[in-house]
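S.K.: build me a structure from this.
(one chain, ligands or ions: 1)
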Amino acid sequence: MTNIFMDTYNRLPVTFARGEGAWLYDTSGRKYLDFTSGLGVNCLGHNHPALVKAITSQAEKLLHVSNYFQSDTALEFAEKLVAACSGMKNVFLCNSGAEANEGACKIARKYSLTKYGPGRHTIVTLKGSFHGRTITTLSATGQEKFHRDFGPFTEGFVFIEGGDTAALERALDHKTVAGLLMEAVQGESGIRPQEEEFIAAAAKLCAERDILLMFDEIQCGMGRTGTFLACEQYGVTADVITLAKGIAGGVPAGAFLAGEKAAGVLRSGDHGSTFGGNPLAGAAGITVLDTVANPAFLGEIKRKGEKLLAALQSLNHPRIREIRGRGLMLAVDLDYEARPVMEAALADDQDDPGLLLLSAGPNTLRFLPPYIISDAEIDRGLEMLTRALDRG
Ligand code: PLP
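M.R.: Just a heads-up that it's a prediction; the model follows:
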């Protein structure tokens, strides 16, 4: 039988009808604790009152206006976003992470071309990175498994091993390289924070060689690791930042931001997006920023992350090999496949709630709970996880 959907997702057998806080309800009314946030998107959980109100009242006023005209909502969103991202001067609003990274690559290439002429267009990225599914962002993604079947790729991407400072020094050739793009905490390859020394060396070399330092904060940014941007924890300031996922709490949106060096690179006609800066996404984004971009809220993400990390460590489960991550972005490596555990967590006991988990690689469970999750819900989730580990 032909599936109505192209067969790109290996979906789990559950259909959701609604959500409330950290809980989702399927079409039969059974409830599930959400440790996934829709892959890092629903950062304020489900049916968040302020978010719903902002979206509803925006929809009643103005849903969309083209970028030939101005929108107060887009302007407020942009101002708040730039203010939240330290060192950034301006922003381009788009719709997804891949688009944001495409924009970052365009900035790096034009910055370099304008200043140094042709030939200096290479973008260095890291092995194990994930930057998106378009041909260019796949070209930037340092994982062979995503490259199968889709070549030829966009020319001018070079991968090095994260943590290898000597390789970094060699790769960042000032005659050929325009930018370095990396995740401070890699998401898709299993929640892998970069080492302090490596990021410090990257920042120093990029500054010395006038190569743009670009952080893909699509999964690890927007407060996920307990600071607004994950790169803040490394004490470095980026030239370009990309954001998406949680940026509008569930409404599709993305952004790339530029610091002093790169803010003037893109000019009229250089880039565009029909939906970019859409007022509906803007209204949602303003609410997310008003909630997340404040020290007390970020402090709570950090505290809850430490609680979840400590709880995972104290499980002392014989099948757990390693626990990694920062804030509410954590992963557990198992000595067997993650998928049966995810299935067991989902099924749990039909009379009890289920637990929604993600994987990040075949043997790795990934935890991206919504920021509004309570301590009691974290405890509850850990009980469900323990049962799933025993049964999966
Ligand atoms: N960059 C990172 C670090 C991501 O985790 C993702 C998605 O998982 C992307 C880019 C691509 O984002 P999108 O799926 O919105 O295009």
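
S.K.: if I look at whichever residue of the chain sits closest to the ligand, what pLDDT would I see?
M.R.: Nearest to the ligand, among the residues of the chain, is residue 97, at 2.2 Å (CB to the nearest ligand atom). Glycine gets a C-beta too; all of them are placed from N, C-alpha and C. Note on residue 97: pLDDT of 98.

S.K.: list the contacts for it?
M.R.: Applying CB atoms under 8 Å, 6 or more residues apart in numbering, we find residue 97 in contact with 131-132, 216, 218-219, 242-245, 254.

S.K.: could you redo the last one with a cut-off of 10 Å?
M.R.: Residue 97 makes contact with 40, 130-133, 137, 216-219, 242-245, 247, 253-256, according to CB atoms under 10 Å, 6 or more residues apart in numbering.

S.K.: again, but for residue 65
M.R.: With contacts taken as CB under 10 Å, 6+ apart, residue 65 has the following neighbours: 71, 73-74, 277-279.

S.K.: go again with 7 Å.
M.R.: Applying CB atoms under 7 Å, 6 or more residues apart in numbering to residue 65 gives the contacts 71, 279.

S.K.: start at 485 instead
M.R.: Got it, the first residue is 485 from now on, which makes the last one we talked about residue 549.

S.K.: separation between it and residue 712?
M.R.: Here the distance between residue 549 and residue 712 works out to 28 Å (CB to CB, to the nearest Å).

S.K.: again, but for residue 576
M.R.: Note on residue 576: its distance to residue 712, by CB to CB, is 19 Å.

S.K.: please apply the same query to residue 585.
M.R.: Per CB to CB, residue 585 is found 19 Å from residue 712.

S.K.: those two: who's more crowded?
M.R.: residue 585 (30 against 24; other CB atoms under 10 Å).

S.K.: burial count for residue 530?
M.R.: Using other CB under 10 Å, the number of residues around residue 530 comes to 23.

S.K.: does it touch residue 504 like I think?
M.R.: Yes - with contacts defined as CB atoms under 7 Å, residue 530 counts as touching residue 504 at a distance of 5.7 Å.

S.K.: name the element residue 504 belongs to?
M.R.: Using DSSP states H and E, residue 504 sits within strand 500-504.

S.K.: and the helix or strand following that strand, which residues are buried?
M.R.: With elements assigned by DSSP H and E, the helix or strand that comes after strand 500-504 is strand 507-510. Using 16 or more other CB atoms under 10 Å as the burial criterion, the residues of strand 507-510 that qualify are 507-510.

S.K.: per-domain residue ranges of the protein.
M.R.: Under the assignment named as automatic domain parsing, the residue ranges that make up the domains of the chain are 500-518+779-875, 534-776.

S.K.: quickly compare the ones you listed and say which is most buried.
M.R.: domain 534-776 (a mean of 20; mean count of other CB atoms under 10 Å).

S.K.: residues of this structure that sit close to the ligand?
M.R.: By the criterion of CB under 6 Å from any ligand atom, the positions of the chain lying close to the ligand are 580-582, 585, 614-616, 667, 671-672, 700, 702-703, 728.

S.K.: now the residues you listed as CSV including secondary structure and distance to residue 517?
M.R.: Conversion of the residues of the chain next to the ligand to CSV gives the following (DSSP: H, G, I helix; E, B strand; the rest coil; distance: CB to CB, whole Å):
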residue, secondary structure, distance to residue 517
580, coil, 27
581, helix, 26
582, helix, 29
585, helix, 31
614, coil, 26
615, coil, 30
616, coil, 29
667, coil, 27
671, coil, 21
672, coil, 23
700, strand, 29
702, coil, 25
703, coil, 21
728, coil, 25
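
S.K.: quick one: which two of the residues you listed are the most distant?
M.R.: For the residues of the chain next to the ligand, with distances taken as CB to CB, the pair at the greatest spread is 580 and 667 (16.0 Å).

S.K.: would you list every one of the strands in the stretch 635-784 of the chain?
M.R.: Chain-ordered strands for the stretch 635-784 of the chain, with DSSP state E, counting those that start in this stretch as the definition, fall at 641-644, 661-666, 669-670, 676-677, 696-700, 724-727, 738-743.

S.K.: redo those as a markdown table? Include distance to residue 605 and mean pLDDT.
M.R.: What follows is the strands of the stretch 635-784 of the chain, written out as a markdown table (distance: least, CB to CB, whole Å; pLDDT from 0 to 100):
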| stretch | distance to residue 605 | mean pLDDT |
| --- | --- | --- |
| strand 641-644 | 10 | 98 |
| strand 661-666 | 5 | 98 |
| strand 669-670 | 24 | 98 |
| strand 676-677 | 28 | 98 |
| strand 696-700 | 12 | 98 |
| strand 724-727 | 15 | 99 |
| strand 738-743 | 18 | 98 |
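
S.K.: pipe those into JSON lines and attach distance to residue 771 per row.
M.R.: Listed next are the strands of the stretch 635-784 of the chain as JSON lines, based on distance: least, CB to CB, whole Å:
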{"stretch": "strand 641-644", "distance to residue 771": "36"}
{"stretch": "strand 661-666", "distance to residue 771": "29"}
{"stretch": "strand 669-670", "distance to residue 771": "25"}
{"stretch": "strand 676-677", "distance to residue 771": "29"}
{"stretch": "strand 696-700", "distance to residue 771": "24"}
{"stretch": "strand 724-727", "distance to residue 771": "15"}
{"stretch": "strand 738-743", "distance to residue 771": "15"}
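
S.K.: so for residue 856, which of those strands sits nearest?
M.R.: Nearest of these (CB to CB): strand 724-727, 19.5 Å.

S.K.: give the other helices and strands that the closest one contacts.
M.R.: Strand 724-727 makes packing contacts with helix 581-600, strand 696-700, strand 738-743 when contacts are defined by 3 or more CB pairs under 7 Å, 6 or more residues apart in numbering; DSSP states H and E.
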